[in-house]
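Engineer: Provided below are the primary sequence and the corresponding predicted coordinates.
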Amino acid sequence: MASFSLFGISVSRGISIGRAHLIAHAAMDTKHYLVPQEKVEAEVERLQQALGTVQKELETIWTSLPQDAPVELGAFLDVHAMILADSVISKEPFNIIRTRRYNAEWALMTQIEELTARFEHIEDPYLRERKADIQQVAERIMKVLTGTPTDYHPVASNSDDERIDMIVVAYDISPADMLQFRDDTFSGFVSEIGGRNSHAAIVARSIDTPAVFGLAGALSLIRQDDWLIVDADAGIVIVNPTPLVMEQYRARQAAQAKARKKLTRLKKTPAVTLDGTPVALMANIEFPDDCMVALENGATGVGLFRSEFLFMGRSGGISKIPGEDEQFEAYRRAVTLMKGRPVTIRTLDIGADKPIGTRESVTLNPALGKRAIRYCLAEPDIFLSQIRAILRASAFGPVKLMVPMLVHAFEIDQTLALIEEAKSQLKAANRKFDENIQIGAMVEVPAAILGLPMFTSRLDFLSIGTNDLIQYALAIDRVYPEVAHLYNPLHPAILSMISMTIWAADKAGIPVSICGEVAGDPALTRLLLGMGLREFSMHPAQLLNVKQAILSSDVTLLKPKVDKILTLVEENEIEEAVRQLQDDAKTETDA
Ligand code: PEP
Ligand code: MG
């Protein structure tokens, strides 16, 4: 088998070696996990029963057809019955469950994809149309399967020595799709589209799984079960590597695992610079249980709880969003797990690449549309119920409430008024909450930075969302791979906006953090320290790397160097100066 390499965008770090698992767009909403060996026959039985139920359904429809029903109707039912009886559906999925241990839904969808792909090449338009029938039959089976959940936990691919790691290869992976993949079944992700700062990329980093996106043509060049090396550090995917290359990568993988293990020694070391400046290292989380990983990596709090992940990937879209009590339980769990450390809960930031529901229609410029606070202010009932849930959680430990994408003073005022209203409602209902809960804003739109006094005069804290700030300031869609090379945190405009915000917050005497991806990049830690940043929030997997950079930095030495960098206007000069700043760490530690 010929070996070749594909080049894309590195969206997370590390190396993954495994077999390719091609997942077509249509199968994305399906659950994908491995069945424990001892449950394989039960899973086979589950699918068998589902097929039987669908067969009975079709028979019932047949017998209840009125006498005068058009003949085509009966013919359609015949076609559906034939599809159901075809070995592609009635036999192959069972082999897949037994040999690959796929769950029933996944096994079925693998076959459905194969069957529909065959129809794509049929010239006869009538026969080609039968693709829709296959999909309808598949939907019927899936509906029955969804109603018969399993009684076991999915197994991680890595947890079983006999298993070979599996790597997802897809056209596009949305953040909601990523939620399906969070349970460790897959050890790597390859996608044709998606940029480094898309929310799917952020989730890949947060679950610390190697991923390369923006790999055009991957689905047609890579075949099912091909061996892959995903070198996420370099943004390269090697298909069917030679034994020598494989050996080298296995050695690199082992060395990385060793280095990570060594870093865990820093877990309890306070994040203090060489000159004694303490730095807060907080975690970005998507779900309450992420707090456990945050604590394992020594987080001193949660700087960003992306609450919208509780709302996404639920079938039924907007009608199925979590209610106040369900949200309250999730927030309270995070607060309890963090044991007295602060938890910053961001109110719903949906829209753009985080739609509620699975695949909703999007406007032409969704990132500029009814996103985040704009959505919440337009839906005050949804917003109020979230605010009440957050306030109720504040009775169980320190909670901060953070609002995304604010731009106008009236948006801040309306938000504050709604928070007051929620407080009154809770008081009337005799519910406990922290009366003095801190309220802050994400600063992530350039206009917010140019109008900072309107924030500092009204709010208790700020957090710079560099992911969106860069997108909006440089006019680069963070999801779009073809402009990914233009997305540069070291653009002089971005540096001056970050430093302006830190300066203004400092002057106003309110805390400021960064919770965008910039905060978790150890190559930028010293730059940010020199700018005066003392609170960093990032996905937990990066915490110890950033802590290591902090421990070897002296702020008094960094400040004048960074002041100089802030006067530079050429990107390449800034990049070189930031590299030099990194190299200087060695001499500062030795001094
Ligand atoms: C940001 O924009 O930097 C941020 C932290 O928020 P999100 O990535 O969720 O948009
Ligand atoms: Mg943002």
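Structural biologist: Everything's here; your move. Ligands and ions are numbered 1, 2, ... in the order given.
Engineer: rest of the way, CA atoms for contacts and neighbours
Structural biologist: Noted.
Engineer: In the stretch 251-400 of the chain, where is pLDDT below threshold?
Structural biologist: 315-319, 357-362 (pLDDT under 70).
Engineer: Point me to the residue of it nearest ligand 1.
Structural biologist: Going by Cα to the nearest ligand atom, ligand 1 is nearest to Arg306 of the stretch 251-400 of the chain, at 6.4 Å.
Engineer: before we move on, what about the stretch 301-450 of the chain?
Structural biologist: Going by Cα to the nearest ligand atom, ligand 1 is nearest to Glu444 of the stretch 301-450 of the chain, at 5.9 Å.
Engineer: same question, the chain
Structural biologist: Counting by Cα to the nearest ligand atom, the chain gets nearest ligand 1 through Gly465, at 3.0 Å.
Engineer: and that residue, how many neighbours?
Structural biologist: Neighbourhood size, Gly465 [other Cα atoms under 10 Å]: 23.
Engineer: repeat for the one 5 residues further on
Structural biologist: For Ile470, the tally of surrounding residues (other Cα under 10 Å) stands at 27.
Engineer: Could you pull out the buried residues of the helix or strand bottoming out on mean pLDDT in the chain?
Structural biologist: Ranking every helix and strand in the chain by mean pLDDT, DSSP states H and E puts helix 175-180 at the bottom, with a mean of 73. For helix 175-180, burial by neighbour count (16 or more other Cα atoms under 10 Å) applies to 175-180.
Engineer: Contact partners for the residue of the stretch 251-400 of the chain closest to ligand 1?
Structural biologist: Contact analysis of Arg306 by Cα atoms under 8 Å, 6 or more residues apart in numbering lists 284-287, 345-349.
Engineer: What's the ChimeraX syntax to select whichever of those residues are buried?
Structural biologist: For the buried members of the contacts of Arg306, the matching ChimeraX selection, counting by 16+ other Cα under 10 Å, is:
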select :284,285,286,287,345,346,347,348,349
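Engineer: Make JSON lines out of the contacts of Arg306 and add secondary structure and distance to Val555.
Structural biologist: Putting those into JSON lines (DSSP: H, G, I helix; E, B strand; the rest coil; distance: Cα to Cα, whole Å) gives the following:
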{"residue": "Asn284", "secondary structure": "strand", "distance to Val555": "25"}
{"residue": "Ile285", "secondary structure": "strand", "distance to Val555": "28"}
{"residue": "Glu286", "secondary structure": "coil", "distance to Val555": "32"}
{"residue": "Phe287", "secondary structure": "coil", "distance to Val555": "34"}
{"residue": "Ile345", "secondary structure": "strand", "distance to Val555": "30"}
{"residue": "Arg346", "secondary structure": "strand", "distance to Val555": "30"}
{"residue": "Thr347", "secondary structure": "coil", "distance to Val555": "34"}
{"residue": "Leu348", "secondary structure": "coil", "distance to Val555": "36"}
{"residue": "Asp349", "secondary structure": "coil", "distance to Val555": "34"}
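Engineer: In JSON lines: the contacts of Arg306, plus distance to Val237.
Structural biologist: Shown next, in JSON lines, are these (distance: Cα to Cα, whole Å):
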{"residue": "Asn284", "distance to Val237": "28"}
{"residue": "Ile285", "distance to Val237": "28"}
{"residue": "Glu286", "distance to Val237": "28"}
{"residue": "Phe287", "distance to Val237": "30"}
{"residue": "Ile345", "distance to Val237": "36"}
{"residue": "Arg346", "distance to Val237": "35"}
{"residue": "Thr347", "distance to Val237": "37"}
{"residue": "Leu348", "distance to Val237": "35"}
{"residue": "Asp349", "distance to Val237": "33"}
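Engineer: Leu462 and Trp503 touch, don't they?
Structural biologist: No: the criterion here is Cα atoms under 8 Å, and Leu462 misses it with Trp503 at 11.8 Å.
Engineer: Those two: which has the busier surroundings?
Structural biologist: Each of Leu462 and Trp503 has its neighbours counted (other Cα under 10 Å); Leu462 has more, 24 against 16.
Engineer: Report the contact partners of that one.
Structural biologist: 440-443, 505, 510-513.
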